[in-house]
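[1] coords please:
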Amino acid sequence: MSLLDDIMSLTTAIEERVLNADWAGATDLDFQRRDMLQALFASQPDVTSDHQTREILQQLRARTDATSAAVRDTREALATTARQLQAASGVVRAYERNGSRDLRGDYPR
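    Next up, the predicted model:
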C-alpha cells in the first residue's frame, strides 16, 4: 500500500470518528495524516505532476473540506444548545420566583 493509500484510509477513519462524535480520536488521526502528507511531499516534491495522484489529492481536499464543514456545523449546534441551556436556568428561576409570589397572593388572580 502506498503512502497516498494510507492517507486516504486515514481520511476514512477520521470521517468515521467525526460521525461518531469522537473528536479526540479524529484529532489524533488528523495529526497523523498531516505528518503523512508532509512526508509524501518531502519524499516526492513533484507528486502533483501525476494526473491520477492530483485527482486523488483533490478528492482528499474535498473530503477534508466536507468533514470540516460537518465539524463546524456540529460546533455551532452545540454552541446554540449551550446558550439555550444557560438561558433556561434563568427562565426556570424566574418561573419559580413568579410561581412562589402567586402562591403567596402577591399577584391578583
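
[2] distance of the spatially most central residue of the chain from L60?
    For the chain, the residue sitting closest to the mean C-alpha position, by C-alpha atoms, centre = their mean, is V71 at 2.2 Å. In this structure, V71 and L60 are separated by 16 Å, where distance is defined by C-beta to C-beta, to the nearest Å. (C-beta placed from N, C-alpha, C; glycine too.)

[3] before we move on, what about T48?
    To L60, T48 is 12 Å away according to C-beta to C-beta.

[4] the two: which has the busier surroundings?
    When T48 is set against L60 and neighbours are counted by other C-beta atoms under 10 Å, the residue ahead is L60, at 17 against 12.

[5] quick one, what contacts that one?
    I7, M8, T11 (C-beta atoms under 8 Å, 6 or more residues apart in numbering).

[6] so it is in which element?
    helix 51-104 (DSSP states H and E).

[7] state the mean pLDDT of that helix.
    Here the mean pLDDT over helix 51-104 is 85, rounded to a whole number.

[8] ok, stretch 5-17 next?
    Averaged across stretch 5-17, the pLDDT comes to 97.

[9] just the CA atoms of it, as PDB, please.
    Presented in PDB, the C-alpha positions along stretch 5-17 are these (Å, rounded to 0.1, in the frame of the first residue of the first chain):
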ATOM      1  CA  ASP A   5      -3.400   4.900   0.000                       C
ATOM      2  CA  ASP A   6      -2.600   5.100   3.700                       C
ATOM      3  CA  ILE A   7      -3.500   8.800   3.800                       C
ATOM      4  CA  MET A   8      -6.900   8.000   2.200                       C
ATOM      5  CA  SER A   9      -7.500   5.200   4.600                       C
ATOM      6  CA  LEU A  10      -6.700   7.500   7.500                       C
ATOM      7  CA  THR A  11      -9.200  10.000   6.000                       C
ATOM      8  CA  THR A  12     -11.900   7.400   6.000                       C
ATOM      9  CA  ALA A  13     -11.100   6.700   9.700                       C
ATOM     10  CA  ILE A  14     -11.200  10.400  10.500                       C
ATOM     11  CA  GLU A  15     -14.600  10.700   8.900                       C
ATOM     12  CA  GLU A  16     -15.900   7.800  10.900                       C
ATOM     13  CA  ARG A  17     -14.600   9.300  14.100                       C
END
